[in-house]
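Undergrad: Sharing a model prediction with you, sequence too.
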2 protein chains.
Amino acid sequence: MSQVYDRVALIGLGLIASSMFWAIKRAGLANEVTGYARSKATRETARRIGLCDRVCETAQEAVEGADLVVLCIPVGVMGAVAEEIAPALKPGATVTDVGSVKGHVIQAVSPHVPDGVHFVPAHPLAGTEHSGPESGFAELFDNRWCLLVPVADSDPDAIARLRALWEGMGSYVDEMDAEHHDLVLAVTSHAPHLIAYTMVGVADDLRRVTDSEVIKYSAAGFRDFTRIAASDPTMWRDVFLSNKEATLEILGRFTEELFALQRAIRTGDGEHLFDYFTRTRAIRRGIIDAGQDTDAPDFGRGKANT
Amino acid sequence: MSQVYDRVALIGLGLIASSMFWAIKRAGLANEVTGYARSKATRETARRIGLCDRVCETAQEAVEGADLVVLCIPVGVMGAVAEEIAPALKPGATVTDVGSVKGHVIQAVSPHVPDGVHFVPAHPLAGTEHSGPESGFAELFDNRWCLLVPVADSDPDAIARLRALWEGMGSYVDEMDAEHHDLVLAVTSHAPHLIAYTMVGVADDLRRVTDSEVIKYSAAGFRDFTRIAASDPTMWRDVFLSNKEATLEILGRFTEELFALQRAIRTGDGEHLFDYFTRTRAIRRGIIDAGQDTDAPDFGRGKANT
């Protein structure tokens, strides 16, 4: 893989940025990668573990002379940070982001992008339940999708170059518009996260079942919910607040379906339940066939824990 | 590990029974293990892969002379099968089961257990999303909990012996009463399964998002729901119908909490969301500390798919 950019600046040094750094280095996709994090402790950790070729004390310093600037920060602060770095952006540079919501980010960032600087929003569909500068690893994006969400005047060359970067980091790349992106992600990510958070909260609230029982006996399904519900609280607060309409639409449909299944349980309609569960099983098969998960019996995780 | 029973009979040869067979053999816990499955194809598969020392053509034949009979069948047919095997049970034998619901199973099976035969209901909290005779493996129960749910007149020696079997298969063992069991499992397993089934069904229904999009972009959280929702439809239909009250109670609480969070999204109450998500994160830590999952960043699964 050859170099795609001379200099890349990572603003925010959490899970995604740190994984990007290691993936860029793995494939030699940039000559120099600078980094900035608002927290002094994060910057010190980054220096200690060799994350970024140069960790800067300000965001402006980090973006100076950069050919690509990647905003790896919570969706809720994208606008303010874009405004802060705008004066230091190099003419001809590309600004991108990794936010989980695109409509809101485009609204917040676009007004601050100077003439002569390209803006190509993006969203890598990869992550773990961990966060922070030490949680990244080079393989995070391998065989995962990165969605590019060009705005009306995104430059075709700037899009092609960003695509090359993501492919170089191991991703598949697709393009779609912001509204469709936010609906698709409401289904595949945002609603599932809120539902998992809710179920874990219910378990914690239920005084007739002790916390230790919930924890000891979690292997029976609940465990997967807690993994989702362990994701970064700031990031997820911002996601829900900035993808409000699509998330609430999907949650509305979810509640309707849940009520229908509850009714089938209450009335003893076994056929309705059986047919529903048979249909959902087929979707799992599709995901495995598409290479987005393995067929290993992960529920057991027996061998991992011995 | 020394022998616990001379002869064990497994009625039903799916994931749990086949894992029990391999776990019993691994530790030498029984001299002979017989097996029976209603489906001829399953019996033939079992013979082909060496599952059970002897695969029988009838359930009665399998239980004849057995010291322990394990009902490894869907909760909805436990009563009928108990009635069928009752005349062939050896005096002094123990009947147990592996059903996910205990109150209903006790009601259905107890009337058919002959005098002089012990009944000790049980529930191993282990499984995968796979099913059938070829899905079992010896490590399934390692470091997982098995809950014994003795009935009023369960014999202490019979309980102790069954505990030794489960410990020999690698499990931790706890005892609780049926009502409490069914509530705890509604929280840790039954409600999460119904919720996962529902969310996967919603995704499949949504015509504005294509199936291929749902499948390609599933890594962002949805994937874990599909794994849960791929579990055996017959088993889960029976679970919901036979643990109706506890499941509906937990789902009622879940809906209440979900509405409160939806309201926080709608009104832009970021503090409520942030506090809720911070609290649920702590529960995850408890599960990892308790050894019921690993801290590996499983969301990524990057290395498994390369």
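TA: That came through, no problem.
Undergrad: okay, CA-based contacts and neighbour counts for the rest of this
TA: Fine.
Undergrad: pretty sure A:Gly201 is in a strand, no?
TA: No. Secondary structure assignment (DSSP: H, G, I helix; E, B strand; the rest coil) places A:Gly201 in helix, not in a strand.
Undergrad: which residues does the nearest residue to it once chain neighbours are set aside contact?
TA: Ranked by CA to CA, 6 or more residues apart in numbering or on different chains and with sequence neighbours excluded, the top spatial neighbour of A:Gly201 is B:Thr280, at 6.0 Å. The neighbourhood of B:Thr280, defined by CA atoms under 8 Å, 6 or more residues apart in numbering or on different chains, consists of A:Tyr197, A:Val200, A:Gly201, A:Asp204, A:Thr226, A:Ala229, A:Ala230.
Undergrad: again, only using 7 Å
TA: A:Tyr197, A:Val200, A:Gly201, A:Ala229, A:Ala230 (CA atoms under 7 Å, 6 or more residues apart in numbering or on different chains).
Undergrad: Within the helices and strands, which one has it?
TA: Here B:Thr280 is covered by helix B:270-289, with elements defined by DSSP states H and E.
Undergrad: if I look at A:Tyr217, how far off is A:Gly201?
TA: Using CA to CA, to the nearest Å, we find A:Tyr217 at a distance of 16 Å from A:Gly201.
Undergrad: who has more neighbours, those two?
TA: Neighbour comparison, A:Tyr217 and A:Gly201: the larger count goes to A:Tyr217, with 27 against 22 (by other CA atoms under 10 Å in any protein chain shown).
Undergrad: who wins for neighbours among the contacts of B:Thr280?
TA: Result: A:Ala229 is most packed of the contacts of B:Thr280 (other CA under 10 Å), 32 neighbours.
Undergrad: can I assume that one is in contact with A:Leu194?
TA: No. Contact status for A:Ala229 versus A:Leu194: not in contact, 8.0 Å apart, counting by CA atoms under 7 Å.
Undergrad: before we move on, back to that, looking at the contacts of B:Thr280, spot the one nearest A:Leu165.
TA: Distance ranking of the contacts of B:Thr280 against A:Leu165, using CA to CA, places A:Ala230 first at 29.4 Å.
Undergrad: Tell me, how many residues neighbour the nearest residue to that closest one once chain neighbours are set aside?
TA: On the basis of CA to CA, 6+ apart, the spatially nearest residue to A:Ala230 that is not a chain neighbour turns out to be B:Arg281, at 4.1 Å. The local packing count at B:Arg281 equals 22, with neighbours defined by other CA under 10 Å.
Undergrad: Next, please give the residue ranges for the helices of chain A.
TA: Chain-ordered helices for chain A, with DSSP state H as the definition, fall at A:15-27, A:40-49, A:59-63, A:78-85, A:103-109, A:156-168, A:178-185, A:191-205, A:211-216, A:222-228, A:233-242, A:244-267, A:270-289, A:302-305.
Undergrad: circling back to that earlier point, retrieve the pLDDT associated with the residue nearest to A:Gly201.
TA: pLDDT, B:Thr280: 87.
Undergrad: Next: A:Gly291.
TA: At A:Gly291, the model reports a pLDDT of 73.
Undergrad: Next, find the distance separating it from A:Pro124.
TA: Relative to A:Pro124, A:Gly291 is positioned 16 Å away (CA to CA).
Undergrad: Can you point out the buried residues in the helix holding B:Thr280?
TA: Judged by neighbour count (16 or more other CA atoms under 10 Å in any protein chain shown), helix B:270-289 contains these buried residues: B:270, B:273-274, B:276-281, B:283-288.
Undergrad: Show me how far it is from its chain's centre.
TA: What separates the centre of helix B:270-289 from the centre of its chain is 27 Å, taken as CA atoms, centre = their mean, to the nearest Å.
Undergrad: Also stretch A:196-205?
TA: Between the mean C-alpha point of stretch A:196-205 and the mean C-alpha point of its chain there is a distance of 22 Å (CA atoms, centre = their mean).
Undergrad: Where does the record place the domain boundaries for chain A?
TA: Each structural domain of chain A that the record assigns through automatic domain parsing is listed here as a residue range: A:5-176, A:180-295.
Undergrad: Those into CSV, with extra columns for distance to B:Met78?
TA: Formatted as CSV, the entries for these read as follows, by distance: least, CA to CA, whole Å:
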stretch, distance to B:Met78
domain A:5-176, 40
domain A:180-295, 16
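Undergrad: thinking again about what came up before, deepest-packed of the helices of chain A, please.
TA: Each of those was given a mean neighbour count from mean count of other CA atoms under 10 Å in any protein chain shown, and the largest, a mean of 27, is that of helix A:222-228.
Undergrad: can you tell me the average pLDDT over that helix?
TA: Rounded mean pLDDT across helix A:222-228 is 84.
Undergrad: That helix near chain B at all?
TA: Yes. Using CA under 7 Å from any CA of the partner chain, helix A:222-228 reaches chain B at A:Phe222, A:Asp224, A:Thr226, A:Arg227, A:Ile228.
Undergrad: Make TSV out of these and add distance to B:Ala9.
TA: TSV is the format used below for those (distance: CA to CA, whole Å):
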residue	distance to B:Ala9
A:Phe222	31
A:Asp224	33
A:Thr226	37
A:Arg227	37
A:Ile228	40
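Undergrad: Nearest to B:Asp97 among the residues you listed?
TA: Distance from B:Asp97 was checked for each of the residues of helix A:222-228 next to chain B by CA to CA. The minimum falls on A:Phe222, at 22.4 Å.
Undergrad: Identify the residues contacting the closest one.
TA: By CA under 7 Å, 6+ apart, the residues touching A:Phe222 are B:Thr188, B:Ser189, B:Pro192.
Undergrad: quick one: the closest residue to the first one other than its chain neighbours and A:Gly92, what's the gap?
TA: When you say that, I think you mean B:Thr188. Spatially, and ignoring its direct neighbours in sequence, B:Thr188 is nearest to A:Phe222 (4.9 Å; CA to CA, 6+ apart). Applying CA to CA, one obtains 49 Å for the distance of A:Phe222 from A:Gly92.
Undergrad: Can you tell me which of the helices of chain A has the worst average pLDDT?
TA: Across those, the lowest-scoring stretch is helix A:302-305, with a mean of 34.
Undergrad: Just give the number of residues close to A:Gly76.
TA: A:Gly76 is surrounded by 20 other residues when neighbours are defined as other CA under 10 Å.
Undergrad: quick one: it and A:Phe240 touch, right?
TA: No. With contacts counted by CA under 7 Å, A:Gly76 stays clear of A:Phe240, the gap being 10.2 Å.
Undergrad: circling back: out of A:Gly291 and A:Pro124, which sits in the busier spot?
TA: In this view A:Gly291 and A:Pro124 are compared by other CA under 10 Å, and A:Pro124 has more residues nearby, 23 against 15.
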